[in-house]
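# Only the shape, not the letters, is given here:
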């Protein structure tokens, strides 16, 4: 696994990723973010750490789970993992670009301010979808339904 880039390196490579998509006039850039959790060093099982017996003390269970999974504790905010790829699939795997960085909770505001600027700049080349064909089909369908259900004067049954 490739190590994560620093935030500055991530931004310096994200802008060219958007630019390369803009130059080709097609393509995708996928942006994802999720809470980053560290690998737990302990491999203690939950059942082995609890005292034997039918009754389970919920406080003891909570302590064991918090020790095993520190990201379950909501006392401290967790860092975010931000990823960006150019969306190349299996056939063009050699051309695929993958970027990732970890943002610490105290840096979130400054990171997202800069991230938003770069994303807005990258989205400037987006084109509005041409939906005129779909609108024409819908109008034709409505006209067809309207003519078949409408009864002409004089054709009324008595």
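Noted; the coordinates are in hand. Just so you know, these numbers come straight off a predicted model, no measurement behind them.
# ranges for the helices of this protein?
7-24, 46-49, 58-68, 108-122, 132-149 (DSSP state H).
# Turn those helices into a markdown table, columns for distance to residue 76.
Where C-beta positions appear, they are placed from N, C-alpha and C, glycine not excepted. Shown next, in a markdown table, are those (distance: least, CB to CB, whole Å):
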| stretch | distance to residue 76 |
| --- | --- |
| helix 7-24 | 20 |
| helix 46-49 | 22 |
| helix 58-68 | 11 |
| helix 108-122 | 14 |
| helix 132-149 | 50 |
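# Go through those and name the closest to residue 84.
Residue 84 lies closest to helix 7-24 among the helices of the chain, at 5.6 Å (CB to CB).
# Now tell me what touches that closest one from outside.
Contact partners of helix 7-24, identified using CB atoms under 8 Å, 6 or more residues apart in numbering, comprise 5, 27-29, 82, 84, 86, 97, 99-101, 103, 107, 111, 114-115, 118-119, 121-125.
# Would you mind saying which of the helices of the chain lies nearest residue 78?
Nearest of the helices of the chain (CB to CB): helix 108-122, 10.8 Å.
# list the helices and strands the closest one packs on?
helix 7-24, strand 80-85 (3 or more CB pairs under 8 Å, 6 or more residues apart in numbering; DSSP states H and E).
# now it and helix 7-24, what's the angle there?
10 degrees (axes from the mean of the first three to the mean of the last three CA atoms, to 10 degrees).
# start at 17 instead
With 17 as the first residue, the last one maps to helix 124-138.
# Buried ones in helix 124-138, by neighbour count?
127, 131, 134, 135, 138 (16 or more other CB atoms under 10 Å).
# pLDDT score for residue 47?
Predicted confidence (pLDDT) for residue 47: 91.
# Give me the mean pLDDT for stretch 96-105.
What stretch 96-105 shows for mean pLDDT is 86.
# Can you name the residues in contact with that stretch?
Taking CB under 8 Å, 6+ apart as the rule, stretch 96-105 contacts 20, 26, 30, 33, 36-37, 43-52, 111-119, 124, 127, 131.
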